[in-house]
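Asker: Show me the folded form of this:
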Amino acid sequence: MQLTLSSILLSIAAFSTAASVPITPTMCAEASRFGNPIYSPSTVAPGASMQIQTDFTCSFYFGIHPTYTDYYIEVPTNNSGYEPNILLARRQPNVTASSPIDKFTVTIPDATYTSGANYAVVLDVTYPINGTNGTPVYVVGGVEGGITIT
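Answerer: Numbers count the residues shown, from 1 in each chain. Okay, the predicted model is just below:
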């Protein structure tokens, strides 16, 4: 295959056009309306740092403007018994439709964990909706993602 200047320019033009196509609500999974968090690394030990990055792009398309976010470590069933949720972070994210990413680092609390078990990090998003008389009412929705604590 021979690349010519015109084929290279056409490829660049096609790529830039595709990259500039905006995300629409139909491109967002239903759960992504509450954000798309990424936990890195996904395997951590107590006392270690973990970076959390949440993209609220789809939230804004669905009209959800996060006021507060709470991140919890939650114990799935069939671990060592009942373990209460552990708060990782409570935030007032400074995100907008033009700057939808909230990124920060947390330290995994030194609590009692079942070594090697799978845990979930739950993101609860508190956001306002209009009540019946037009005043804001705060509601909560959320998503979760898995991590392993060693």
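
Asker: wouldn't residue 83 be in contact with residue 120 here?
Answerer: No: the pair residue 83 / residue 120 is not scored as a contact, 11.8 Å apart, by CB atoms under 8 Å. For the C-beta atoms, the positions are set from N, CA and C on the backbone; glycine is no exception.

Asker: Now do the shared contacts for those two.
Answerer: Counting by CB atoms under 8 Å, 6 or more residues apart in numbering, the residues touching both residue 83 and residue 120 are residue 75.

Asker: Now do the strands in this structure.
Answerer: The residue ranges that make up the strands of the chain, judged by DSSP state E, are 36-40, 43-44, 49-55, 68-74, 86-91, 101-107, 118-130, 136-149.

Asker: strand partners of the first one, parallel vs antiparallel please.
Answerer: Pointing back at strand 36-40 there. For strand 36-40, sheet partners with direction are given as strand 49-55 (antiparallel), following DSSP bridges.

Asker: and the strand it pairs with, which residues are buried?
Answerer: For strand 49-55, the buried set under the neighbour-count rule, 16 or more other CB atoms under 10 Å, comprises 50, 52, 54-55.
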